[in-house]
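Participant: what shape does this take:
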Amino acid sequence: MTETNSSAARLGILEMGRLGEIALRVVAANLQAVMGIAVDMIGSHEMPEHAYQDHRQQYDAGLILKYLKECSFPEHLKILAITNLDLCIPILTYVFGEAEMGGKVAVVSGFRLRHNDDGTPAPLDRYYERLAKAALHEVAHTLSLYHCKTPHCLMHFSAKVDQLDS
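Facilitator: Presented below is the predicted three-dimensional model:
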């Protein structure tokens, strides 16, 4: 990925679960191209066991963010964890991602991005595009960008994949 002398301008991508090299590289390339920020692949971590919500069979995205904040990544301005596991927050059935507004950490899941709203499998290129959009959206939240009311804006809240596609 892009090299820079300033550690403050780097974003670290952390794999949590088994996502695959191509998906990680697609996300990294899009973050670099759109945001102009240097990106490092910083390896993988296991999903924190305490974030698993047995009654929902999902991982609490807020607890993952808290866990990431407790980990030490001093050489990176921002950390984006990417997973293939299903995420939720207490007030929503599921989320594509979650971020600390104006903070250092974000998490994105590809779990619900592999299928269309009607349940049919999405083509691989559509999956990668969705994953990149979700990652850009969540990293933008760490840069203090809020949701936008314009339906086709990247920062518009997307509750379904067809909204993300548009």
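Participant: find the nearest non-adjacent residue to the residue nearest the centre of the chain, please.
Facilitator: By CA atoms, centre = their mean, the chain has its centre lying nearest to residue 108, at 2.4 Å. Nearest non-adjacent residue to residue 108, counting by CB to CB, 6 or more residues apart in numbering: residue 97, 3.8 Å away. Yep, even glycine has a C-beta here, placed from its N, CA and C like the rest.
Participant: for residue 130, same thing?
Facilitator: In space, residue 130 is closest to residue 113, 4.1 Å off (CB to CB, 6+ apart).
Participant: again with residue 126
Facilitator: residue 165 (7.2 Å).
Participant: sorry, back to before: parallel or antiparallel, list what pairs with the helix or strand hosting the residue nearest to the centre of the chain.
Facilitator: In the assignment (DSSP states H and E), residue 108 maps to strand 105-109. Strand pairing for strand 105-109, using DSSP bridges, gives strand 78-83 (parallel), strand 97-99 (antiparallel).
Participant: the first one: what's the following helix or strand?
Facilitator: In the C-terminal direction, the helix or strand that comes right after strand 78-83 (DSSP H and E) is strand 87-89.
Participant: what about the helices in this structure?
Facilitator: Applying DSSP state H to the chain gives helices spanning 21-35, 61-70, 124-142, 161-165.
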